[in-house]
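1. Okay, here's the prediction I keep looking at, along with the sequence it came from:
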Amino acid sequence: MNASTPRVFIAATRQNDGKTTTSLGLIAALQKHFPRIGYIKPVGQRFVEIEEQKIDEDSVLMDAVYSMNCPLVDMSPIAVEPDFTRKYLLSSNNEALVKKIQKAFDRVSWEKDFVLCEGSGHAGVGSVFDLSNARVAKLLGAKVIIVSQGGIGKPIDEIALNQALFEKEGVEIIGVILNKVLGEKVDYVSDFARRGLKRKGLDLLGVIPHEQILCNPSIDLIREELHAELLNQPPTLHTLVDDVVVGAMGAHNAMQFFKRGVLLITPGDREDILLAAGAMTNPNSDEKMAGIVLTGGLRPDPSVLKAMQAMPIPVLLAKADSYEVASKVHNLIVKTRPSDVEKISLIRDIVAKNVNVKKIIDSL
């Protein structure tokens, strides 16, 4: 396996701590030093099917944003399907999986100046089929950066757990990046987290401030999550949702919530609210709502439906009731997509400003 191309492995203390956000920003920052960068997510858990191949969503994202010039199947060699673990425990094939990862890395690193490897959760994820993140980092001969959510006590406790497993595998940790730290606490957290990590023999590589926009879902993501029907043809489905309002009041009281970035959730037979929303939504205004979700599978009467179809914002029809829809939207895990141009630009900026890339390069 290629042992000469510089590489780094991005791990985390848990899922959804910001590995992909960090990776997305780091690639842009590293390109100033290494023009040709490869990417691999050796073990992926969230995947899409492309040309009958199961490809991790993050690999698709990186290729779409950075044009990696490498087959997607090599950027995502192992996709953990629902039945993957059971099959492995029935007939262990670890050697075959190891070779698959190593061969994929060779192809990803071909004619590249640097390779960024992204893990799939904390250090122990994948242990059940003998491919924990710590083990994979060892196989790839990569040093590790741990990403954790912001704070001091809890993050350092969790980092210490992960540190122990990486060290057991003989993997060196370059340092730690803390993510989603409230803006007013960045200096405070940076100071004390650096002190706490130093006691563990670890460097603080950066503190990324919390940006609410990165947590806001798009209407299209909500449509997919709800398996909702689109009732009209709005100019875009990529509008971000800032706030969610359940229309369970009279139209007069609901009108105060018809504001920019609001997602209105209301039963499809609440004609008073729907007609009021239609009347108050100015197609030429920048202050219009993000969208409307009609719930309960209740399709409005033809006259009301016609008004909804003429609206300049997305109108969705979901089968679930208002409570279930609101709960799903609230609990939605927001992943950055190739179409999230504004988010991607922001991610590049905040990582470049808040992560010590030079220290990462020097440690390699």
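-> Received the coordinates, thanks.
2. need the longest strand for this structure.
-> strand 173-181 (DSSP state E).
3. any idea which helix or strand comes after it?
-> Next in sequence after strand 173-181, counting helices and strands by DSSP states H and E, comes helix 186-198.
4. Give me the buried positions along that next one.
-> By 16 or more other CB atoms under 10 Å, the buried positions in helix 186-198 come out as 186, 189-190, 193-194, 196-197. Where C-beta positions appear, they are placed from N, C-alpha and C, glycine not excepted.
5. helices or strands next to it in the packing?
-> Using 3 or more CB pairs under 8 Å, 6 or more residues apart in numbering; DSSP states H and E, the elements in contact with helix 186-198 are helix 153-168, strand 173-181, strand 204-209.
6. Please compute how far the second one lies from its chain's middle.
-> Relative to its chain's centre, strand 173-181 lies at 16 Å (CA atoms, centre = their mean, to the nearest Å).
7. can you check stretch 161-168 too?
-> Relative to its chain's centre, stretch 161-168 lies at 24 Å (CA atoms, centre = their mean).
8. quick check: mean pLDDT across it?
-> The average of the pLDDT scores along stretch 161-168 is 97.
9. Just tell me which of the helices and strands packed on helix 186-198 ends up closest to residue 217.
-> strand 173-181 (16.2 Å; CB to CB).
10. Verify the stated contact: residue 347 with residue 26.
-> No. Distance between residue 347 and residue 26: 9.7 Å, which falls outside the contact criterion (CB atoms under 8 Å).
11. a strand runs through residue 145, doesn't it?
-> Yes. Assessed by DSSP: H, G, I helix; E, B strand; the rest coil, residue 145 belongs to a strand.
12. Correct me if wrong: it contacts residue 7.
-> No. Here residue 145 does not reach residue 7: they are 11.3 Å apart, not a contact under CB under 8 Å.
13. neighbour-wise, which of these two wins?
-> Neighbour count, other CB atoms under 10 Å: between residue 145 and residue 7, residue 145 has more, with 27 against 23.
14. What's the end-to-end length of stretch 218-235?
-> 14 Å (CA to CA, to the nearest Å).
15. now it, how far from the chain's geometric center?
-> Offset of stretch 218-235 from its chain centre (CA atoms, centre = their mean): 19 Å.
16. Quick one: mean pLDDT over it.
-> 96.
17. Buried ones in that stretch, by neighbour count?
-> Buried residues in stretch 218-235 (16+ other CB under 10 Å): 218-223, 225-226, 228, 231-232, 234.
18. wait, which of the residues you listed is closest to residue 108?
-> Proximity of these to residue 108 (CB to CB) peaks at residue 221, which lies at 28.1 Å.
19. OK, contacts around residue 262?
-> 241-245, 289-290 (CB atoms under 8 Å, 6 or more residues apart in numbering).
20. Now tabulate these in a markdown table and tack on secondary structure.
-> Converted to a markdown table, the contacts of residue 262 look like this (three-state DSSP):
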| residue | secondary structure |
| --- | --- |
| 241 | coil |
| 242 | coil |
| 243 | strand |
| 244 | strand |
| 245 | strand |
| 289 | coil |
| 290 | coil |
